[in-house]
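Student: Requesting a structural model of the entry that follows:
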Amino acid sequence: MMHPGIRHVIIAIMGIVVVVFMVILSSCDRCSQKSSTSGETSNVSPEVQRLARGKLVYNANCISCHNRNPKLPGSIGPDVFGSSKELLTARLLYGKYPDGYKPKRESHLMPPLPHLANEIEALTAFLNAQ
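Tutor: Next up, the predicted model:
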């Protein structure tokens, strides 16, 4: 059983990661606004953009517990390669598993991350493209 203090430390670290991620996102938004207002066009396909976004979201929010390589188990969380949109939605938004899903680990340490609601498509693309 995990010491209660460790869980608070993990949650605090995840909070810091979220803040850093939000700062990065705001910088990215400003860069894309500059690009779109200056008349520049991107030759990158929407799918490539979605994969890059998913990787950014994964690296900013998930690798503190899951492995940098989603195909490998992490220090706290299991491998997440191939995770379905249904699983990601249930875990990220509600902290639950879809009906009938058997978890890879019984720890249930992952808190809901509802701030990622708009990133589920990108995460799904990234976790299924490796």
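Student: Skipping adjacent residues, who's closest to Lys55 in space?
Tutor: Phe126 (5.1 Å; Cβ to Cβ, 6 or more residues apart in numbering). Bear in mind the C-beta positions are built from the backbone N, C-alpha and C, glycine included.
Student: Need the phi and psi values for that neighbour.
Tutor: phi -60, psi -50 (degrees, to the nearest 10).
Student: what sits against it?
Tutor: When contacts are counted by Cβ atoms under 8 Å, 6 or more residues apart in numbering, Phe126 touches Arg50, Leu51, Arg53, Gly54, Lys55, Val57, Tyr58, Pro70.
Student: neighbours of Asn61, just the number please.
Tutor: 21 (other Cβ atoms under 10 Å).
Student: So it sits against Leu116, correct?
Tutor: Yes: at 6.4 Å, Asn61 counts as touching Leu116 under the criterion of Cβ atoms under 8 Å.
Student: Please verify my assumption that Ser64 contacts Ile11.
Tutor: No: counting by Cβ under 8 Å, Ser64 stays clear of Ile11, with 10.9 Å between them.
Student: separation between the residue nearest to Lys55 and Val48?
Tutor: Counting by Cβ to Cβ, to the nearest Å, the separation of Phe126 from Val48 is 11 Å.
Student: rewinding a little: in terms of packing, which of Ser64 and Ile11 has more residues around it?
Tutor: Ranked by neighbour count (other Cβ under 10 Å), Ser64 and Ile11 place Ser64 first, with 16 against 11.
Student: measure that one to Leu113 for me?
Tutor: Counting by Cβ to Cβ, the gap from Ser64 to Leu113 is 12 Å.
Student: need the contact list for the residue nearest the centre of the chain.
Tutor: For the chain, Tyr58 is the residue whose C-alpha lies nearest the centre (Cα atoms, centre = their mean; 3.7 Å). Tyr58 sits next to Pro70, Leu123, Phe126, Leu127 when contact means Cβ under 8 Å, 6+ apart.
Student: of those residues, closest to Ser83?
Tutor: Leu127 (4.9 Å; Cβ to Cβ).
Student: measure the closest one to Gly5 for me?
Tutor: 31 Å.
Student: the more surrounded of these two?
Tutor: The neighbour comparison of Leu127 against Gly5 (other Cβ under 10 Å) goes to Leu127, with 24 against 8.
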